[in-house]
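1. Take a look and give me a structure for this.
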Amino acid sequence: MKSAVKSLQNNENIIADEVSDLHRIIEEKDSQHTKQLTQKDQQIEQLLDYIQLLRQNKFGRSSERSHKNQINLFDEAELDALLAELEALSDTKDEPQAEAPASNKAAPAKKKPVRRPLPESLKRIEKIIDLPDAEKQAMGDDWVLIGYEESEQLAVIPRQHYVIKTKRAKYAPVNEDVPDAEQGIRVAPRPEQIIPKSIGHSSVIADVVTAKFVDGLPFYRQEKIYERDGISLSRQTMSGWVVQLEDKLTPLIPTMKQSLYDGKVLHIDETRLQVLNEPGRENTQQSYMWVYRGGLPDKPVVWYQYADNRSSQVPVDFLYPDPESKNNTAPSWSFTIMTDGYSGYNALSKMPGIAGHAACWAHARRRFVEASKGRKNTAAAHQIVALIGKLYLIERNIKDKTADERKTIRLKQAEPILDKIKDWLDDKADKVLPKSLLGKAIHYTLGLWPPLITYLKDGHVPIDNNPAENAIRPFVIGRKAWLFSGSPRGARASAILYSLIETAKANDLEPKAYLDYLFERLPLAKTERAIIKLLPQNLQTSDLVG
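-> This next block holds a predicted model:
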């Protein structure tokens with residue numbers, strides 16, 4: 001009897017253990033199922049966010065400008081209250097997100113458009129319109145001419161090509177007894193040209209270069225334009241001119257590059273480039289065009305560099321071409337580098353001569369702008385965009401101050417705002433989905449925080465990397481039209497031409513006028529001093545006239 005009871009108890013214990021195991025397995029399955037559902041819900045939310053962002057980018061406004069009333073939200077007295085409101089808004093998950101608050105003030109009336117006067121430098125051709133003779137006869141002597149009702153219209157004459165026919169005088173001795181008659185016929189020397197024996201004058205070469213590198217017209221389109229003018233000028237010929245210009249413009253390179261080191265800040269950026277026929281590489285592999293903007297504030301220099309990779313060693317090798325200069329010996333120059341969040345710049349920031357590494361607030365702001373176009377947390381994203389806008393408002397107000405004055409004002413006005421932003425980011429970093437648009441914006445900004453506040457310490461350092469982005473934008477726009485470079489040599493030639501053109505634009509020179517001036521005078525420049533005077537940062541608009 002006892003054995004039967006003991007056996008029954010053992011069976012009950014076994015059944016209880018099995019039931020417990022079954023409950024545990026069910027709980028684990030439920031937990032896994034719930035976790036999987038949560039992950040899928042998060043993935044769905046992320047995909048819906050991306051779809052919303054793509055639709056906005058495709059069909060919505062492309063401007064990143066904040067609503068004009070957002071900046072006004074953040075008067076200093078209201079800052080703490082609004083950040084508390086931010087916290088409450090971001091903690092609300094299921095409720096519809098509020099839009100950015102709108103002002104109660106009526107929108108100002110739009111100004112009536114005013115036609116701008118046409119430039120005085122343009123030639124005027126007067127066209128006088130009078131009353132018909134019959135009507136003037138009927139008026140008799142009772143009416144007298146008192147003046148004219150004037151208006152102006154812009155007109156155009158189709159561009160006119162002409163041919164420069166160069167005649168080189170030839171002299172022959174009258175007889176064989178003339179001294180040096182054995183030398184034969186004497187011919188006047190050829191004129192110096194940017195590309196000797198070319199069918200194109202320097203003005204045409206400058207026109208072709210401007211059309212491609214300023215206006216983004218590929219050579220095949222220019223070929224069609226010349227055909228309409230009755231001129232046969234092939235794309236191969238134009239491409240050959242650009243390649244030959246690499247050697248012709250090389251004398252300008254050393255001095256122009258050295259000018260990059262003269263300033264206190266060096267902006268750096270990079271973008272992809274497709275280059276064909278690179279040794280040992282497939283035509284489908286990506287190369288890169290790097291851009292550097294430095295020099296003195298009143299003599300800025302923009303430099304393009306072609307490289308077949310995006311390695312962190314590219315800017316290091318560019319700024320330190322001599323292997324011995326890469327040691328710990330401090331160079332004669334010193335500046336702060338300004339970049340985006342690409343980690344490839346970290347190696348450069350540790351090199352001698354680099355006084356600091358600043359990050360770009362425009363890139364950080366752009367991520368919060370994208371988050372503001374998502375499906376959730378849009379109110380929080382709008383508020384951070386407005387806070388960053390407050391930083392930019394400070395910068396606009398101090399742009400004409402000295403470096404020391406900018407530093408003082410930034411420490412007084414911008415640093416408290418930055419502290420508030422940092423506290424909010426730290427608090428929300430673990431409360432927002434890391435892969436959501438807002439989560440990515442938060443973690444990107446936190447990961448760059450030390451470089452993002454570098455500009456507080458130095459009044460020479462700007463708040464963003466927009467000078468480099470503005471310099472590289474013409475290249476990106478042109479790339480959409482001509483798509484690729486046909487060879488590494490063509491890519492290097494393009495880099496030199498973009499460097500000269502963008503430096504000219506940075507120094508307020510009209511690119512076509514500068515290229516005309518340069519291509520006409522460079523062949524005549526035989527000394528280093530004459531070459532230096534042709535660099536765009538050493539010229540004024542008045543120098544290009546005449």
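
2. Any idea which helix or strand in this structure has the lowest mean pLDDT?
-> Lowest by mean pLDDT, DSSP states H and E among the helices and strands of the chain is helix 79-91, with a mean of 49.

3. Identify the residues contacting the helix or strand that comes right after that one?
-> Once helix 79-91 ends, the next helix or strand along the chain (criterion: DSSP states H and E) is helix 133-139. Outside of helix 133-139, the residues within contact range by Cβ atoms under 8 Å, 6 or more residues apart in numbering are 130-131, 143. C-betas here are computed from N, CA, C, even on glycine.

4. ranges for the strands of the protein?
-> Assigned by DSSP state E, the chain shows strands spanning 170-171, 186-187, 265-274, 286-296, 299-307, 335-339, 354-359.

5. before we move on, the earlier item: so can I have CSV of the contacts of helix 133-139 showing neighbour count and distance to residue 491?
-> Output for the contacts of helix 133-139, formatted as CSV (neighbours: other Cβ atoms under 10 Å; distance: Cβ to Cβ, whole Å):
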residue, neighbour count, distance to residue 491
130, 9, 61
131, 12, 65
143, 11, 71
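
6. Looking at those residues, spot the one nearest residue 539.
-> residue 130 (48.1 Å; Cβ to Cβ).

7. Spit out the contact partners of that closest one.
-> Each residue near residue 130 by Cβ under 8 Å, 6+ apart is listed here: residue 136.

8. Low-confidence regions, the stretch 51-200 of the chain specifically.
-> For the stretch 51-200 of the chain, residues meeting the criterion pLDDT under 70 lie at 51-110.

9. could you redo the last one with a cut-off of 80?
-> 51-115, 177, 181-182 (pLDDT under 80).

10. One more: the chain?
-> Those would be 1-115, 177, 181-182, 322-330, 373-380, 546, if you go by pLDDT under 80 across the chain.

11. hmm, try it at 50
-> 68-79, 86-87, 89-103 (pLDDT under 50).

12. Spatially central residue for it, please.
-> Most central in the chain under Cα atoms, centre = their mean is residue 469, positioned 2.1 Å from the mean C-alpha point.

13. Distance-wise, check that residue relative to residue 339.
-> According to Cβ to Cβ, to the nearest Å, residue 469 stands 11 Å off from residue 339.

14. shared neighbours of the two, which are they?
-> The contact sets of residue 469 and residue 339 overlap at residue 269 (Cβ under 8 Å, 6+ apart).

15. Tell me who's in contact with residue 291.
-> So, once contact is read as Cβ under 8 Å, 6+ apart, residue 291 ends up touching 267-271, 302-305, 468, 471-472, 475, 502.

16. Most neighbours among the residues you listed, which one is it?
-> If you count neighbours using other Cβ atoms under 10 Å, the busiest of these is residue 302, which has 29 neighbours.

17. coming back round to it: from the contacts of helix 133-139, which is closest to residue 510?
-> For the contacts of helix 133-139, the closest approach to residue 510 (Cβ to Cβ) belongs to residue 130, at 39.7 Å.

18. number of nearby residues for residue 460?
-> Counted with other Cβ under 10 Å, residue 460 comes out at 17.

19. who touches it in this structure?
-> Taking Cβ under 8 Å, 6+ apart as the test, what residue 460 contacts is 264-265, 336, 403.

20. ok, now with 7 Å
-> Residue 460 is in contact with 264-265, 403, counting by Cβ atoms under 7 Å, 6 or more residues apart in numbering.

21. Likewise for residue 367?
-> By Cβ under 7 Å, 6+ apart, the neighbours of residue 367 are 440-441, 444.

22. which one of the residues you listed is nearest residue 408?
-> Checking the contacts of residue 367 against residue 408 by Cβ to Cβ gives residue 444 as the nearest, at 29.4 Å.

23. Residue 341 is in contact with that closest one, correct?
-> Yes: using Cβ atoms under 7 Å, residue 444 is in contact with residue 341, at 6.3 Å.

24. and the gap between residue 520 and residue 205?
-> Remark: distance between residue 520 and residue 205 (Cβ to Cβ) = 10 Å.

25. More neighbours: which of those two?
-> residue 205 (23 against 16).

26. roughly how far apart are the more buried one and residue 502?
-> From residue 205 across to residue 502, the span is 19 Å (Cβ to Cβ).

27. for residue 379, same thing?
-> Residue 379 is 40 Å from residue 502, by Cβ to Cβ.

28. Pull out the buried residues from the contacts of residue 460.
-> Among the contacts of residue 460, those scoring as buried are 264-265 (criterion: 16 or more other Cβ atoms under 10 Å).

29. so what's residue 117 closest to, chain neighbours aside?
-> Leaving aside its sequence neighbours, residue 117 sits nearest to residue 152 (Cβ to Cβ, 6 or more residues apart in numbering; 7.7 Å).

30. re the thing from before, the closest residue to the residue nearest to the centre of the chain other than its chain neighbours: what's it in contact with?
-> Nearest residue to residue 469 in three dimensions, chain neighbours excluded: residue 269, at 6.0 Å (Cβ to Cβ, 6+ apart). By Cβ under 7 Å, 6+ apart, the residues touching residue 269 are 291, 340, 465, 468-469, 472.

31. Is residue 539 in contact with residue 513, as I believe?
-> No: with contact defined as Cβ under 7 Å, residue 539 does not reach residue 513; the gap is 9.9 Å.

32. Restricting to C-alpha, output stretch 519-534 in CSV.
-> Extracted in CSV, the C-alpha atoms of stretch 519-534 (Å, rounded to 0.1, in the frame of the first residue of the first chain):
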residue,chain,number,x,y,z
PHE,A,519,44.1,81.1,-71.3
GLU,A,520,45.1,84.3,-73.2
ARG,A,521,47.9,85.2,-70.8
LEU,A,522,49.2,82.0,-69.3
PRO,A,523,51.3,81.1,-72.4
LEU,A,524,53.1,84.5,-72.1
ALA,A,525,53.8,84.0,-68.3
LYS,A,526,57.5,82.9,-68.2
THR,A,527,58.3,83.7,-64.6
GLU,A,528,57.0,82.4,-61.3
ARG,A,529,55.8,85.9,-60.3
ALA,A,530,53.9,86.2,-63.6
ILE,A,531,52.2,82.9,-63.0
ILE,A,532,51.2,83.8,-59.4
LYS,A,533,49.5,86.9,-60.6
LEU,A,534,47.2,84.8,-62.8
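
33. Can you give the contact residues for that stretch?
-> Outside stretch 519-534, the residues touching it (Cβ under 7 Å, 6+ apart) are 192-194, 202, 205-206, 248, 251-252, 255, 518, 538.

34. Residue 491: which of those is nearest?
-> The shortest approach to residue 491 among the contacts of stretch 519-534 belongs to residue 248, at 16.8 Å (Cβ to Cβ).

35. I'd like the distance between the closest one and residue 496.
-> Applying Cβ to Cβ to residue 248 and residue 496 gives a distance of 10 Å.

36. Those two: who's more crowded?
-> Neighbour totals were compared for residue 248 and residue 496, and residue 496 leads with 23 against 20 (other Cβ under 10 Å).
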